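Q: Let me see the structure of the following:
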Amino acid sequence: MQVSRRIETKLQSALDPQSLEIVDESHLHAGHAGARPEGETHFRVHVVSEAFVGLGRVARQRLVYAALAEELAGPIHALSIRAQTPDEA
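A: Numbers count the residues shown, from 1 in each chain. The predicted structure follows:
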């Protein structure tokens, strides 16, 4: 399964988001540390979820990191996160 699809599946399951955008930015990092020729190493996610209500920025990011722990230990080299509540989106 593609890394982007695994990200989508795990974040859908863990956070039940109202909105989820996943962008593979690997092509922007070609030749940098952690980049692989086949890509799928550098991602940007924007997730809107009720799960973030009452949480600060770091706590929200920790929820995303926890859901993607396996991928962050392997194929994902870098992950940019924008985590918002529905009221903030």
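Q: any chance you could map the helices in the chain?
A: Taking DSSP state H as the test, the helices found in the chain are 3-15, 57-67, 69-72.
Q: and these as JSON lines, adding mean neighbour count?
A: (C-beta placed from N, C-alpha, C; glycine too.) Supplementary listing: the helices of the chain in JSON lines, determined by neighbours: other Cβ atoms under 10 Å:
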{"stretch": "helix 3-15", "mean neighbour count": "16"}
{"stretch": "helix 57-67", "mean neighbour count": "15"}
{"stretch": "helix 69-72", "mean neighbour count": "13"}
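Q: so can I have JSON lines of those helices showing distance to residue 41 and mean pLDDT?
A: What follows is these, written out as JSON lines (distance: least, Cβ to Cβ, whole Å; pLDDT from 0 to 100):
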{"stretch": "helix 3-15", "distance to residue 41": "8", "mean pLDDT": "97"}
{"stretch": "helix 57-67", "distance to residue 41": "16", "mean pLDDT": "98"}
{"stretch": "helix 69-72", "distance to residue 41": "10", "mean pLDDT": "96"}
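Q: Show me the one of these that comes nearest residue 80.
A: Between residue 80 and the helices of the chain, the shortest gap by Cβ to Cβ is with helix 57-67, which sits at 10.1 Å.
Q: Give me the helices and strands touching that closest one, please.
A: In terms of contacts (3 or more Cβ pairs under 8 Å, 6 or more residues apart in numbering; DSSP states H and E), helix 57-67 is packed against helix 3-15, strand 78-84.
Q: Give me the contacts around that helix.
A: Surrounding helix 57-67, the residues in contact under the criterion Cβ atoms under 8 Å, 6 or more residues apart in numbering are 10-11, 13-15, 45, 47, 51-52, 55, 72, 79, 81, 83.
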